[in-house]
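Asker: Quick one, what's the 3D model for this:
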Amino acid sequence: QVQLLESGGGLVQAGGSLRLSCAASGRTVSNYAMGWFRQAPGKEREFVAAITRYQLTHYADFVKGRFAISRDNAKNTVYLQMNTLNLEDTAVYYCAADRGGWGNSDASVYDYWGQGTQVTVSS
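Answerer: Predicted coordinates for the structure are as follows:
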């Protein structure tokens, strides 16, 4: 079993930045793909970014150029650097792990999920 714990969320003004962290425990996730998803109030969960076991990255169109996903396998941790945040980025952000190692935008391929961290962007 893999446990995922997100941190780094909070309240930020529009235009600001946050860095989310997702620490994995239970087993090493270096061979897993890791993804970030988000869910805003009243909306469905949506894909944000993913990084494969080979460090290939994928992004949703709405975050390209603003967000960056990375991983530190030595720390068993994945990060999401979020810049130029806007009001539409307000959501609960979830970390997920895919044993297959490739990951993608489909939430159903991910095997483990964290509890989420709230990101609120204010004007």
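Asker: Going by C-alpha atoms from here, please, whenever you check contacts or count neighbours.
Answerer: Will do.
Asker: hang on, residue 45 packs against residue 91?
Answerer: No. Judged on Cα atoms under 8 Å, residue 45 makes no contact with residue 91 at a distance of 9.4 Å.
Asker: intersection of neighbour lists for these two?
Answerer: Here residue 45 and residue 91 have 38, 39 as joint contacts, going by Cα atoms under 8 Å, 6 or more residues apart in numbering.
Asker: of these two, who's got more company?
Answerer: Taking other Cα atoms under 10 Å, residue 45 and residue 91 do not tie; residue 91 has more neighbours (21 against 16).
Asker: roughly how far apart are residue 35 and residue 121?
Answerer: Going from residue 35 to residue 121 by Cα to Cα, to the nearest Å gives 21 Å.
Asker: ok, now residue 73?
Answerer: Relative to residue 121, residue 73 is positioned 30 Å away (Cα to Cα).
Asker: Mind checking which of these two has more residues around it?
Answerer: Set residue 73 next to residue 121 and count neighbours by other Cα under 10 Å: residue 121 wins out with 20 against 14.
Asker: Can you say which helix or strand has the more buried one in it?
Answerer: Assigned by DSSP states H and E, residue 121 belongs to strand 117-122.
Asker: what's that strand in contact with?
Answerer: 6-14, 85-94.
Asker: Can you select the buried ones from the residues you listed in PyMOL?
Answerer: Selecting the buried subset of the contacts of strand 117-122 in PyMOL, with 16 or more other Cα atoms under 10 Å as the burial test, is done by:
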select buried, resi 6+7+9+12+14+85+86+89+90+91+92+93+94
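Asker: In strands, which of the contacts of strand 117-122 fall?
Answerer: 6, 7, 10, 11, 12, 13, 91, 92, 93, 94 (DSSP state E).
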